[in-house]
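**Student:** build the 3D model from these lines:
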Amino acid sequence: MTSVDDALDLALLRPGDAGYGAELAGFQLGFAQRPAAIVPARSAADVVAAVRYAAAEGLPVGVQATGHGLPGGYEGGLLVSTRRMDRVVVDPEARTVRVQAGVRWRQVVAAAEPYGLAPLNGSAPSVGAVSYTLGGGLGVLAREFGYAADHVRWLELVTADGEPRHVTAGSDPELYWALLGAGQNLGIVTDLEIGLVPVRTLYGGSLAFDGRAVDPAAVLRAYEAWTRTVPDGLTSSFAAVPYPDLPALPPHLRGTYVVSVRVAHTGADGERIVAPLREIGPVFADSLREMPYAESHTIHSDPDFPHTYYGDSAVLRELDVERAGELLRATGPEAGLMCVVQVNHLGGALARPAPNAVPYRDGRFLLRLLTVGERERARAVLDPAFALLAEVALGRSLNFAFGAGDRNTGLYDPETLKRLARVKETYDPENLFRRNYGV
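**Tutor:** As a prediction, this is how the structure comes out:
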C-alpha cells in the first residue's frame, strides 16, 4: 500500500506481485504491456489518488477497462484498471443511462431493455461503453441516430492536475468538445451520462454468400450501388472473411470464404429494402429477421473471446469499387494470413454536425481491415491494401485502430488537430496522458 496523501491510500500491483498478470490481461492478446504499476480502481477516489501519485512520480498514465483497444505510450508508467467500476443506472423518464468507466455494453443493453430503450452500442457486447464513446462510437443503428458521442449529456473525469471535474457542453465547452473524440488523451473519465433511444425491436441480420462461388468484388459492387438507394435510417456493412481450416471452428465454416451484407433497421419495410440484395446470387446463410434489440449483437456475431489481432481503418470519401475489388483479392484466401475486410456505410445522422471532436463526418464509407497475425507480418498485407484506396481516404478512425495506436497520423483533420492541441496544452501541459493521437 503506497500512501499518496493524508486522505487517500493507493493499492499498487507491481511486476512479480500476485494478480499483476491477471489485472493486465485484456481482450487483445497480441501486444505485451509492462507498466511499472497497476491501480485496480474501484471508485473515482481511487482514480484521483492514482493520477496524483503518477504526477508526483513523473509516471505516464494509461487506462484500461476491457482491453479491446490497449492504451499506448505509458510503458514503464502507471496503468489504471477500471474494470471494477461497473455501475449502470437507467433513468427511463429522461431516457438516459449513467455508466461507470468499466461498464461493458452488454450491461447497458440489459439494463435499458425493460423500459423499451436502447443504447447506441456497437456490434460487440464486451466492448467498454466509456472508451467506445470517447472514440466516437459507431453503433448498430448509427445512420439513424449518429455517433454515441453525439448523445453524451455530461462526463466526470480526473484531469492531470488530479482534480475531479463534472463537464458539460455549457460548463466547459472546449473540454467537452475534445473529450468526445479524443478523451483518453485528456484525463480518465470515471462516469458519463448518455441518451438512450426508444427502440424495442429491429429488422436485422445478414445475408451471406459463398465467396468461392460468387465473385466477392461483384457482391461489393452490388452493395455499393444498393447503399445509394436506402433510407438514412438503415445501417449496414459489407464483410469478407476467409476462415482457416481449423478444428476450433464450426465444421460449416472451416476453409470457407464468407462474403456478407449486415443490416439493421427500425422501420417496418426492412424486407422490401433488402430484396435487391437477394438477387446477387445464391445465399450461403440468411439470418435476416425481426429481433429484440437485445439480440442486435447477433447481426455481426463478433468473436467474444480474447485473441490476437491487428488492424486499421480508413474513412473514405467514396468507395472506388474497382480498387476495392483489387483490395479483396489482396486480402482474400491467398493472402497468406487471415484478413477480415469490413466496409461500413456512413452518412445519414453520422453526417450531422455535433459539438464534439469526432472527425470526417463527410465520409461515405469506413474501411476496416483486421488480421490475426503479428504486427509486422500484418502490415506487409494491410499497408498495400490501404494504399489502393488512398486517393479517396480522408483519414483513419480512432475506434478502429486495432493495435495500430503507435501510428498517430490521420486520426484527425488539421483544424481539429490544432484545436485538440490547444485543449491538451490547457489541461495536460506535462503530457501525463500519452495516448496522443498525433496531438
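**Student:** so where's the chain shaky on pLDDT?
**Tutor:** For the chain, the stretches with pLDDT under 70 are 1-9, 29, 70-73, 403-407, 435-439.
**Student:** which parts of it are helices?
**Tutor:** 20-24, 44-57, 105-112, 129-134, 142-145, 173-182, 216-227, 270-274, 321-331, 375-387, 414-427 (DSSP state H).
**Student:** distance between stretch 37-49 and the chain's centre?
**Tutor:** A distance of 24 Å separates the centroid of the chain from that of stretch 37-49, by CA atoms, centre = their mean, to the nearest Å.
**Student:** how about stretch 210-219?
**Tutor:** 28 Å.
**Student:** stretch 256-268 now?
**Tutor:** That offset, for stretch 256-268, works out to 19 Å (CA atoms, centre = their mean).
**Student:** before we move on, the earlier item: compare the helices of the chain and give me the one nearest residue 315.
**Tutor:** Residue 315 sits nearest to helix 375-387 of all the helices of the chain, at 11.6 Å, using CB to CB. Where C-beta positions appear, they are placed from N, C-alpha and C, glycine not excepted.
**Student:** the closest one packs against which elements?
**Tutor:** Counting contacts by 3 or more CB pairs under 8 Å, 6 or more residues apart in numbering; DSSP states H and E, helix 375-387 is packed against strand 310-316, helix 321-331, strand 339-345, strand 365-371.
**Student:** just the C-alpha atoms of the first one, please, in CSV.
**Tutor:** To tie it back to what came earlier, the one meant is strand 310-316. C-alpha atoms of strand 310-316 as CSV (Å, rounded to 0.1, in the frame of the first residue of the first chain):
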residue,chain,number,x,y,z
TYR,A,310,-4.0,-6.2,-35.6
GLY,A,311,-5.8,-3.8,-37.9
ASP,A,312,-6.6,-0.3,-39.0
SER,A,313,-9.2,1.7,-40.8
ALA,A,314,-9.8,4.4,-43.4
VAL,A,315,-12.7,6.8,-43.7
LEU,A,316,-13.5,7.1,-47.4
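**Student:** in the sheet, which strands lie alongside it, parallel or antiparallel?
**Tutor:** Within its sheet, strand 310-316 is paired with strand 365-371 (antiparallel), strand 393-395 (antiparallel), according to DSSP bridges.
**Student:** just those: most buried one?
**Tutor:** Most buried of the strands paired with strand 310-316 by mean neighbour count (mean count of other CB atoms under 10 Å) is strand 365-371; its value is a mean of 24.
**Student:** hang on, the earlier thing: format the strands paired with strand 310-316 as JSON lines; extra columns: distance to residue 160.
**Tutor:** Formatted as JSON lines, those follow (distance: least, CB to CB, whole Å):
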{"stretch": "strand 365-371", "distance to residue 160": "32"}
{"stretch": "strand 393-395", "distance to residue 160": "27"}
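**Student:** which of the helices and strands packed on helix 375-387 sits closest to residue 402?
**Tutor:** Nearest of those to residue 402, taken as CB to CB: strand 310-316 at 3.7 Å.
**Student:** what about residue 142, how many neighbours?
**Tutor:** 26 (other CB atoms under 10 Å).
**Student:** thinking again about what came up before, so for residue 178, which of the strands paired with strand 310-316 sits nearest?
**Tutor:** Smallest distance to residue 178 across these (CB to CB): 17.0 Å, for strand 393-395.
**Student:** report how many residues lie close to residue 347.
**Tutor:** Residue 347 has 17 neighbours, counted by other CB under 10 Å.
**Student:** what sits against it?
**Tutor:** 143, 232, 364 (CB atoms under 8 Å, 6 or more residues apart in numbering).
**Student:** which among these count as buried?
**Tutor:** Those of the contacts of residue 347 that meet the buried threshold are 143, 364, by 16 or more other CB atoms under 10 Å.
**Student:** need the contacts of residue 347 in a markdown table with distance to residue 221, can you?
**Tutor:** As requested, those are exported to a markdown table (distance: CB to CB, whole Å):
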| residue | distance to residue 221 |
| --- | --- |
| 143 | 21 |
| 232 | 22 |
| 364 | 15 |
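**Student:** so can I have TSV of the helices of the chain showing distance to residue 349?
**Tutor:** As requested, the helices of the chain are arranged in TSV below (distance: least, CB to CB, whole Å):
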stretch	distance to residue 349
helix 20-24	38
helix 44-57	32
helix 105-112	19
helix 129-134	16
helix 142-145	6
helix 173-182	15
helix 216-227	15
helix 270-274	17
helix 321-331	25
helix 375-387	27
helix 414-427	20
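**Student:** pick the most deeply packed of those.
**Tutor:** Taking mean count of other CB under 10 Å, helix 129-134 is the most buried of these, at a mean of 28.
**Student:** which outside residues touch it?
**Tutor:** Contact with helix 129-134 is made by 63, 65-66, 68-69, 82, 99-105, 107-108, 119, 121-122, 148-149, 152, 179-184, 189, 192, 194, 399, as judged by CB under 8 Å, 6+ apart.
**Student:** strands - which of those land there?
**Tutor:** In this view, the contacts of helix 129-134 that belong to strands under DSSP state E are 63, 99-100, 152, 189, 192, 194.
**Student:** how about these in CSV, adding neighbour count?
**Tutor:** Below are those laid out as CSV (neighbours: other CB atoms under 10 Å):
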residue, neighbour count
63, 29
99, 27
100, 24
152, 28
189, 27
192, 26
194, 23
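**Student:** out of the residues you listed, which is nearest to residue 315?
**Tutor:** For the ones in strands among the contacts of helix 129-134, the nearest to residue 315 is residue 152 (21.0 Å; CB to CB).
**Student:** which residues sit in contact with that closest one?
**Tutor:** Residues in contact with residue 152 (CB under 8 Å, 6+ apart) are 133, 180, 192-195, 356.
**Student:** what's the most distant pair in those residues?
**Tutor:** Of all pairs drawn from those, the one with the longest distance (CB to CB) is 193 and 356, at 14.8 Å.
**Student:** of those two, give the one with the bigger neighbour count.
**Tutor:** A direct count of neighbours by other CB under 10 Å for residue 193 and residue 356 places residue 356 higher, at 21 against 18.
**Student:** please report phi then psi for that one.
**Tutor:** phi -150, psi 170 (degrees, to the nearest 10).
**Student:** name the nearest residue to it, sequence neighbours excluded.
**Tutor:** Closest residue to residue 356 apart from its sequence neighbours, by CB to CB, 6 or more residues apart in numbering: residue 180 at 3.5 Å.
**Student:** likewise residue 95?
**Tutor:** Once flanking residues are discounted, residue 95 sits nearest to residue 196: 4.8 Å by CB to CB, 6+ apart.
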